[in-house]
Each structure stands twice: as C-alpha cells, then as structure tokens.
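**Student:** Structure for the following, please:
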Amino acid sequence: MKCKIAWVAALAAGFLAGCGAARPTNYYQLSVPGHPLAVADRSPYPVTLLLGPIRSSHLYREEHIVYGSSGEHMGTYENQQWAEPPTEMLEEMLLRELRDSGRYRAVDMMRSNSHGDYILYGRLYDFKELPGTPLSTRVTIDLELRDVKTATTVWTHYFTHDEPAGGKEISAVVAALDHNAQDAIADIRSGLEQFFAAHPMN
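**Tutor:** Prediction:
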C-alpha cells in the first residue's frame, strides 16, 4: 500500500511540473505626495486632528484589484494586486495630504493613547473597475468628523466619482483609480478646510 501511495504522489508531481511555471503576480500602488504642498497661508488651525481607520467590506481590505460586471456581481483579478489594501493606502494618502497642507496644529493616526480635538472616520464603498466602453473606475467614500469633547458628528462628506480608463489594460485601470483617489483626497481636504474656516476654535 505504501508503494502505491508513493507512486501516485510522484505521478501527480510530474504532472504539475509539466504544466509550466505559475503566472507571475503584478503589484501596483497609489501615488503618495512626496513633498509639502504650496500653501499661501500656512497659519494652522488650532486643531489636533486624528484619523480613524477607513472601514470597508473585506474586498477592499485585501490586496486584489476588484472589478464589477453586469448587475451586482463583482470579482477580483487573481494575479493583479495592490501592494497594500486600498483602505490602508487611502489612509496614508489622507494623512500625508493633511499634514503637508500645514493647516493643522497636528495630524496623526488614531491610537489607544491618542489625544485630539476631532476624529475623522471614513467608509470606503467603491474602489473598482467598471464595465463598459470605455472601461471606467469608481471611487466612493463617506466621511464624518466627530468632536471629541461632545462626542457628536459635526461634519459629513460624501465623495463618488467615475473616472474613465485610458485603455483596456490593467495598467490603465490602475492609473484611472489612482487619479480618482487623488481627486477624492483633494476633495476631502478642501471640505475639511471649509468647515474649520467656518467654525474657528478659540
């Protein structure tokens, strides 16, 4: 019996070896600002801003690039992946954008020992390729700002946008998602600045 099992295992190994090497996995990442932004008035708001985690479904908390198809169906590319989950990349982009703006006393990620005036929470609903001619991408994210002292929501913001892809290749889809993400981060930054300009802290 042992000889028979060993023979079957060897045959299976030989069959798999004959199938050729597995397809390589390609990794992509979003662009992150690498230098401070030019700001005419760098007088910061007297605010310490904490960024809470961006919540989402498990699809966007994993690395596979997501595509949509007809109806409500969605799938993932097996060999086309992000270097990090979209939620984590967006958190890093938002952190650096708000820090580099120079408009806040401090900006940091929320931790168990963090102390701040406001906490910004987010939820990512869409970060995917859309079918059609041409292909496009959709980013949808919902934000809320909570006052730490009063534990109330003082500002909400909703962003959704479809960005056309410049081709059918996965690289074109990634470029469109990257551009869409940059627009989302800039829109969030602008909305926050408008809120704090209209509600100055003493």
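
**Student:** those strands in the protein, which residues are they?
**Tutor:** Along the chain, counting by DSSP state E, strands occupy 26-28, 45-56, 64-68, 74-82, 104-109, 118-130, 136-147, 152-164.

**Student:** With respect to Pro200, which of the ones you listed lies nearest?
**Tutor:** In terms of Cβ to Cβ, the element of these nearest to Pro200 is strand 45-56, at 7.5 Å. All C-beta spots, glycine's among them, are computed from the backbone N, C-alpha and C.

**Student:** Run the angle between that closest one and strand 136-147 for me.
**Tutor:** 130 degrees (axes from the mean of the first three to the mean of the last three Cα atoms, to 10 degrees).

**Student:** what angle sits between strand 45-56 and strand 118-130?
**Tutor:** Going by the same axes, to 10 degrees, strand 45-56 makes 40 degrees with strand 118-130.

**Student:** what sits up against strand 45-56?
**Tutor:** 86-87, 90-91, 94-95, 98, 103-110, 114-125, 127, 141, 148, 192, 196, 200-201 (Cβ atoms under 8 Å, 6 or more residues apart in numbering).

**Student:** With stretch 150-157 instead?
**Tutor:** Outside stretch 150-157, the residues that reach it (Cβ under 8 Å, 6+ apart) are 118, 142-147, 187-188, 191-192, 195, 199.

**Student:** let's see 6 Å
**Tutor:** Leu143, Glu144, Leu145, Arg146, Asp147, Gly191, Phe195 (Cβ atoms under 6 Å, 6 or more residues apart in numbering).

**Student:** In these, find the pair that's most separated.
**Tutor:** Asp147 and Gly191, at 16.2 Å, using Cβ to Cβ across these.
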